[in-house]
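Participant: build the 3D model from these lines:
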Amino acid sequence: ALWWIVDTLMREGHIANHLTHWDRCVDLEDEENVHHATTSSILEASDKIIGQQTGSQSYMGVFNSPTFSGKKRRIDIKFYPYEERAFAFMYFTGNTLFNRSIRQYATKVKRMKLSNRDLRPILHPPFSLGPPVKAATEKDIFDLLGLVYRDPTERNGFDAVIPIDDSKKAEFFSHSIDVK
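Facilitator: As a prediction, this is how the structure comes out:
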């Protein structure tokens with residue numbers, strides 16, 4: 001499905017440049033021929049990849065701006081499996097500081113690894129992870145982490161991560177935050 005969308009956008013002139021390597025999804029001899037690929041060849045290749053993948057799919061490209069002639073815009077298109085939607089929503093509705101802060105809280109206080117795809121317990125440091133914990137909504141993720149739920153419009157920085165348990169606040173704030 002993702003490559004069909006990309007192919008359609010390319011044929012309609014919306015895509016200026018590909019940043020994702022097309023050779024991963026279309027088996028053609030040289031890159032120049034990618035622009036002449038048929039929808040069916042792209043769909044065939046896409047079906048092979050989709051069948052091999054168990055997770056999300058991504059495309060990165062440079063698009064021609066639909067509102068400002070001659071301007072280009074970088075765009076990412078991501079497809080996530082339905083069961084990962086809550087984690088993807090939370091990741092894309094928080095700013096950089098919020099995302100770093102909630103991930104650090106999950107790691108340092110709850111001994112869990114939070115990503116845009118799942119939440120997993122850390123079994124044996126540093127990187128042995130347990131099975132993913134299920135969450136259907138963003139609120140479920142906050143509840144699993146023991147945090148006050150924050151609406152997407154309130155996810156605007158480090159201090160938007162508020163533990164429900166006051167004793168966890170001291171534990172969390174005692175860890176240094178490494179913001180790069």
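Participant: for residue 88, see how far away residue 135 is.
Facilitator: With distances taken as Cβ to Cβ, to the nearest Å, residue 135 is found 11 Å from residue 88. The C-beta positions use only the backbone N, C-alpha and C, and glycine is treated the same way.
Participant: the more surrounded of these two?
Facilitator: The neighbour comparison of residue 135 against residue 88 (other Cβ atoms under 10 Å) goes to residue 135, with 21 against 18.
Participant: residues contacting the more buried one?
Facilitator: Shown in contact with residue 135 (Cβ atoms under 8 Å, 6 or more residues apart in numbering): 86, 87, 119, 141, 144.
Participant: element containing it?
Facilitator: Counting by DSSP states H and E, no helix or strand carries residue 135.
Participant: where does the residue nearest in space to the middle of the chain fall, helix, sheet strand or coil?
Facilitator: Per Cα atoms, centre = their mean, the C-alpha nearest to the average position across the chain is that of residue 116, at 4.7 Å. Taken by DSSP: H, G, I helix; E, B strand; the rest coil, the conformation at residue 116 corresponds to coil.
Participant: can you give me the distance of the residue lying closest to it once chain neighbours are set aside to residue 100?
Facilitator: Closest residue to residue 116 apart from its sequence neighbours, by Cβ to Cβ, 6 or more residues apart in numbering: residue 91 at 3.7 Å. Distance of residue 91 to residue 100, computed by Cβ to Cβ: 11 Å.
Participant: please state the offset of the helix or strand where residue 59 lies from the chain centre?
Facilitator: Element membership of residue 59 [criterion: DSSP H and E] is strand 57-64. Put simply, strand 57-64 sits 14 Å off its chain's centre (Cα atoms, centre = their mean, to the nearest Å).
Participant: parallel or antiparallel, list what pairs with it.
Facilitator: Take DSSP bridges as the rule and strand 57-64 pairs in its sheet with strand 15-18 (antiparallel), strand 72-79 (antiparallel).
Participant: which of those strands sits closest to residue 56?
Facilitator: strand 72-79 (5.9 Å; Cβ to Cβ).
Participant: what mean pLDDT does the closest one have?
Facilitator: For strand 72-79, mean pLDDT rounds to 90.
Participant: before we move on, what about stretch 8-20?
Facilitator: For stretch 8-20, the per-residue pLDDT averages 87.
Participant: deepest of the strands paired with strand 57-64, which one?
Facilitator: strand 15-18 (a mean of 15; mean count of other Cβ atoms under 10 Å).
Participant: coming back round to it: let's have the strands paired with strand 57-64 in CSV, adding distance to residue 123.
Facilitator: Below are those laid out as CSV (distance: least, Cβ to Cβ, whole Å):
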stretch, distance to residue 123
strand 15-18, 39
strand 72-79, 28
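Participant: between these, which one is closest to residue 64.
Facilitator: By Cβ to Cβ (comparing all of the strands paired with strand 57-64), the closest turns out to be strand 15-18, at 5.2 Å.
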